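S.K.: need coordinates for the following:
(chains A, B and C)
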Amino acid sequence: MTVISPPSGRQADRGRTGLGWPGMRLRIRAPRGVVLVAAAIPIAIVILGFILPAITGYSPTAFVAAPLQPPSWAHPFGTDQFGRDVFVRCFVASHIDYLVAVVGVGVSSVVGTIVGVVVAATRVRWIDWAVMRVVDAVIAFPFIVLALAFVVAFGPAASFAGLPQGMPALFTAFLLVGWAYYARLARSQAISLRSRDFVTSARLMGYSSARISLRHIMPIAMATTMAYAVGDAIITVALTASLSFLGAGIGPPAPEWGQMMFDGRGLLQIAWWMTLFPALMLVISGLCLAVLADHAVRRLEDRI
Amino acid sequence: MPGIARKLAQLLGKLALVALLVTMMTGLLIHLSPGNPARTILGNRASPAQVAELSQQMHLNAPLWEQIWLTVRGAATGNLGMSLSEPGRSVLSIILSALPVTLTLIAIAVVVSAVAGIALGLWGALTSHRLVDEGVSGSAITLLALPPFVLALLLLEFVAVDWKVAPAGGWGLDWPDHLAYAWLPSLALCGLLMPQVLRTVRQTAGEIRAHDFIEAAHSRGLSAVRVTLRHVLPNAALPVITVLGLNAAGLIAGAVVVEAVFGLPGLGQVLENAVGARDYPLLQGVALVTALLVVIINAVTDLSYTLIDPRTRTAP
Amino acid sequence: MTRPSGQRVSPPGSQASELPVAEIQDLAISVAGRQVVTRVDLDIAAGEAVGLVGESGSGKSVTCRSLIGLLDFIGATVTAGQVWIAGRDMTSASQREWQALRGRTVSLVPQASLAGLDPLIQVGAQLREVVRRHDRGTDVSARTLELLDQVQMPDPQRVLRAYPHELSGGMRQRAMIALAIAGRPALLIADEATTALDATIQRSILKLLSSLRTDLGMALLLVSHDLAVIRSATDQVAVMYAGTIVERAASRELFVHPRHPYTAGLAAADPALVPRGKPLRSMVGDPPQPGAWAPGCRFAPRCVYQRPVCEQALPPLIDQGGHAVACVRAAEISL
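M.R.: As a prediction, this is how the structure comes out:
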């Protein structure tokens, strides 16, 4: 065929291999500059979360002014029903939401990748099959329902190490369920990598299967899951917010976007700022992470 | 066609096994919590007698395998335990009365998302109006970034309360009425699924259009309409089915949240009340039912793959 | 508006005064703003077998697409020149107008790959679809079997019920040929129709194409980079390099007495054409990128006979007694 070929994108992923867990939803073609901005915004938000209480003098949990004040110069995002400053709370809340996302997604992706690669490498077929059925079962649980069950089982006041209430339940839920998605992803990656030429040549050189899995396949699988994990971070943040919104996530008085929207829910008519600004923070974070995630996946696919 | 029969048997086997695993896992969930589960549920002020009674009721003192067996047997016979928050009502009856609402919501959302997503996606792939296409894609992306409950809140606030085009929550008394209450929440749920369908169809249709067999079909003199409908569309439908299957769990989770926002008497409300009242058996029951639903939906998607794409019939 | 065409080899039985079934005049095509084809002239007489030879990037596939109106699909546009099909100027024809011709007047057999047939539909159904399009009212199943018979398809009943992935490469290619001739076209374009097939199957497909040509009175445009294939199956050959035709002559003549250094280079490097015992000589360098062509002869950078005069202007294609060559030094050099 000539050099001129019809315009074609990547082959549509059939999804049979399990690729396409929600993190793959958002694929945006973003030019370089946009990616940098998308990386800068969350970082800026986090930094602001640290310094704003000091600058403004308002603590995120203290009652600093009259309740239900509309946005003003003193309180750019207004105050909530207890008189807390919404502006400061919004930015401090980013710590909690991002922390849950990073830890939840980070740990489960590492664990999941290891399981997936090991399972793909095993010669005992029924282990592979059995683990995959377990993965199917785990993935079947709608996450919110599971998390709610944990929250009740743990008790709402459960906490330790100074973390906000409800975080341990959330972490447990993420870890117990999250690894399965990455295991499936890593396994299909490992299987497709196995037939690649560089693995064949390694085998011909006398490397054992174990060594090939560990030194060659694992890093690539890990990179793949990490790339998708960035996209999953968005989902995690949204999930955390949803849970808090249902009254079962991070407990008060810790600021958290979903929690704040939950507070503002009944007061939408008179105090719209309580709901709008956390929502904006959520959406902006989501978009930034989506751009970053897509960038990461693109870079990855170019190399592989 | 023997290939299909064999595939069907395989899928059913997988379905049964995963359902079993799901049930077993649900039985185990309670034991993941630190401390005595019964005490945690009842709270610190419960008396030892109350704790002991609840432990007995929930079989927490029996050996682990027996507990799992009881859960499995219960699921098979339809006995999911008794609710703690509504004494006298079984978990199953509570769930069954709420399930139709949730299923209605999801069904409407899937149909609307599929139709709108495919139509817009096909149009986007075939049109020459680049700008409009980019606009549609851009909106799709923004929609995706919105968590379902934010979208639900927005819709509730503006469409229902401000513009008064739809009732602000609640549910009808009988069947045709339900639709009036259901369409807005379903729309909120669409925000989750439709952009994905749209982007998938758009990308796939664009790629398929560039495939050799499409060019070949054109070169034989078949009309553009025929090529699109008979050749491009079925091939583009495959990834859509995948998208639908992958989102089964997400749709249910989204429905739960949307129901909470709109105050619909579905599983979402059941869950909210259960959390508030610490009704663990009810939560466990909902977890089980929803997980089984997801497994069934995934099995159905797998089956439709086999029906549509002959290449999957011979594969192991 | 026709140019005087030079002496050409016509198959026995055809009349010299018949309109050419396809004519390309001074054609230039660009893709995404880059010129990929310039100054191409080609005639295909009724019932004639013409070969188009060139490497990847020479523009031969794009040229083929211009004969069947599929340029839009690869994002290409005609920037100069004209394309005539059966005496009609189709240069700026709409897709609708092209659709009326496709399958009936001009048809295309794509490269022998799995992606030429819809993977989801049975082969028989795809055949019936095309038969219904072109032969409304006839007995569809009879005609379908007739087509399969014409392409010498083994086991036709099984093939009708089979899906594309269940057939071997050779059978798939026969199926695609059947689909292409269903409308009894006057011109069949075979774009790399035998590439990606085993050597033995290549031969049988070529023989099939040739016999179809005589049986159905079809003209054949055979596009390939395989010289042996072209030499055995065509009457006239045009050689393309870097988007333009550099030599055109009768097939018997071209490879034995090439007049353009590029053609000579091709012939010297092909094991099928070089007598046994003689060494193969490959050409140095690569073809230039489309659109990045220097003003003069595009082969000059790789040509051993290059002189400063070669770089002044693109050499015109000059026809001398049926053998056309685009080289300003053609008369001086002996190949």
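S.K.: may I see the buried residues of stretch C:170-182?
M.R.: Across stretch C:170-182, burial judged by 16 or more other Cβ atoms under 10 Å in any protein chain shown covers C:170-182. C-beta coordinates here come from the backbone N, C-alpha and C atoms, glycine included.
S.K.: again, but for stretch C:316-333
M.R.: C:317, C:319, C:323-330.
S.K.: also stretch A:219-238?
M.R.: A:220-238.
S.K.: from those, which are also near chain B?
M.R.: Among these, proximity to chain B is found for A:234, A:238 (Cβ under 8 Å from any Cβ of the partner chain).
S.K.: just the ones of the buried residues of stretch A:219-238 in helices?
M.R.: If you go by DSSP state H, the buried residues of stretch A:219-238 have A:220-238 in helices.
S.K.: now residue 65: phi and psi?
M.R.: Since you didn't name a chain, this refers to chain A. For A:Ala65, the backbone dihedrals (degrees, to the nearest 10) come out as phi -160, psi -180.
S.K.: hmm, stretch C:146-165 in reach of chain A?
M.R.: No: Stretch C:146-165 does not reach chain A (Cβ under 8 Å from any Cβ); its nearest approach is 14.4 Å.
S.K.: measure that stretch end to end?
M.R.: 23 Å (Cα to Cα, to the nearest Å).
S.K.: same question, stretch C:279-299
M.R.: 23 Å.
S.K.: what mean pLDDT would you report for it?
M.R.: The average pLDDT within stretch C:279-299 is 83.
S.K.: from A:Ser188, how far off is the residue in the stretch 101-250 of chain A that chain C sits nearest to?
M.R.: The minimum distance from the stretch 101-250 of chain A to chain C, using Cβ to the nearest Cβ, falls at A:Ser195 (19.0 Å). Look at A:Ser195 and A:Ser188: by Cβ to Cβ, to the nearest Å, they are 12 Å apart.
S.K.: which one's more surrounded, the two?
M.R.: Of the pair A:Ser195 and A:Ser188, A:Ser188 is the one with more neighbours under other Cβ atoms under 10 Å in any protein chain shown, namely 18 against 8.
S.K.: show me the shaky parts of the stretch 1-150 of chain B.
M.R.: Where the stretch 1-150 of chain B drops to pLDDT under 70, the residues are B:1-3, B:32-37, B:39-41, B:43-44, B:128, B:141, B:145.
S.K.: now the strands for it?
M.R.: With strands called from DSSP state E, counting those that start in this stretch, the stretch 1-150 of chain B shows none.
S.K.: show me the helices in it, by range?
M.R.: B:2-29, B:37-42, B:48-57, B:64-77, B:91-126, B:130-145, B:148-155 (DSSP state H, counting those that start in this stretch).
S.K.: please apply the same query to chain C.
M.R.: Counting by DSSP H, the helices of chain C are C:60-66, C:95-101, C:123-134, C:140-150, C:156-161, C:169-181, C:199-216, C:227-233, C:251-256, C:261-269.
S.K.: contact partners of the last one?
M.R.: The one in question is helix C:261-269. Outside helix C:261-269, the residues within contact range by Cβ atoms under 8 Å, 6 or more residues apart in numbering or on different chains are C:53, C:227, C:239, C:241, C:246-247, C:254-255, C:258, C:273-274, C:280-283, C:299, C:302-305, C:327, C:333, C:335.
S.K.: also the fifth one?
M.R.: Contacts to helix C:156-161, defined as Cβ under 8 Å, 6+ apart, come from residues C:122-124, C:127, C:144-145, C:148-149, C:153, C:167, C:171, C:175.
S.K.: got it, and the third one?
M.R.: Counting contacts by Cβ under 8 Å, 6+ apart, the residues outside helix C:123-134 that touch it are B:220-222, B:226, B:230, C:103-104, C:117-118, C:138, C:140-141, C:143-144, C:147-148, C:159-164, C:167, C:175, C:178-179, C:182-184.
S.K.: cutoff 7 Å now
M.R.: Defining contact as Cβ atoms under 7 Å, 6 or more residues apart in numbering or on different chains, one finds that helix C:123-134 is touched by B:220-222, C:103-104, C:117-118, C:140, C:143-144, C:147, C:159-162, C:164, C:175, C:178-179, C:182-183.
S.K.: let me see the domain layout of chain C.
M.R.: Chain C breaks down into these domains under automatic domain parsing: C:20-239, C:261-275+C:293-335.
S.K.: which of these sits most buried?
M.R.: domain C:20-239 (a mean of 20; mean count of other Cβ atoms under 10 Å in any protein chain shown).
S.K.: endpoint to endpoint, that domain covers what distance?
M.R.: End-to-end distance for domain C:20-239: 20 Å, by Cα to Cα.
S.K.: state the distance from the residue nearest to C:Ala175 when sequence neighbours are not counted to C:Leu216.
M.R.: Leaving aside its sequence neighbours, C:Ala175 sits nearest to C:Val123 (Cβ to Cβ, 6 or more residues apart in numbering or on different chains; 5.4 Å). Distance, C:Val123 to C:Leu216, using Cβ to Cβ: 21 Å.
S.K.: and what of C:Asp89?
M.R.: Distance of C:Asp89 to C:Leu216, computed by Cβ to Cβ: 26 Å.
S.K.: mind listing the helices for the stretch 1-150 of chain A?
M.R.: A:32-56, A:86-121, A:125-140, A:143-154.
S.K.: relative to helix A:125-140, how tilted is the last one?
M.R.: Helix A:143-154 and helix A:125-140 meet at an angle of 90 degrees, taking axes from the mean of the first three to the mean of the last three Cα atoms, to 10 degrees as the criterion.
S.K.: CA atoms of helix A:143-154 as CSV?
M.R.: C-alpha atoms of helix A:143-154 as CSV (Å, rounded to 0.1, in the frame of the first residue of the first chain):
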residue,chain,number,x,y,z
PHE,A,143,-18.9,0.1,44.7
ILE,A,144,-21.2,2.5,46.5
VAL,A,145,-23.3,-0.2,47.9
LEU,A,146,-20.3,-2.0,49.2
ALA,A,147,-18.8,1.1,50.7
LEU,A,148,-22.0,1.8,52.5
ALA,A,149,-22.1,-1.7,53.9
PHE,A,150,-18.5,-1.2,55.2
VAL,A,151,-19.3,2.2,56.8
VAL,A,152,-22.1,0.7,58.8
ALA,A,153,-20.1,-2.3,59.7
PHE,A,154,-17.2,-0.3,60.8
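S.K.: so, in contact with chain B or not, that helix?
M.R.: Yes: using Cβ under 7 Å from any Cβ of the partner chain, helix A:143-154 reaches chain B at A:143-146, A:148-154.
S.K.: quick one: average pLDDT of the helix or strand just after that helix?
M.R.: Sequence order places helix A:167-194 as the next helix or strand after helix A:143-154, per DSSP states H and E. Helix A:167-194 comes out with an average pLDDT of 81.
S.K.: likewise for stretch C:261-269?
M.R.: pLDDT averaged over stretch C:261-269 gives 87.
S.K.: same question, stretch A:294-304
M.R.: Across stretch A:294-304, pLDDT averages out at 70.
S.K.: ok, stretch A:208-219 next?
M.R.: 78.
S.K.: in that stretch, which residues are buried?
M.R.: Buried, per 16+ other Cβ under 10 Å, within stretch A:208-219: A:212-213, A:216-218.
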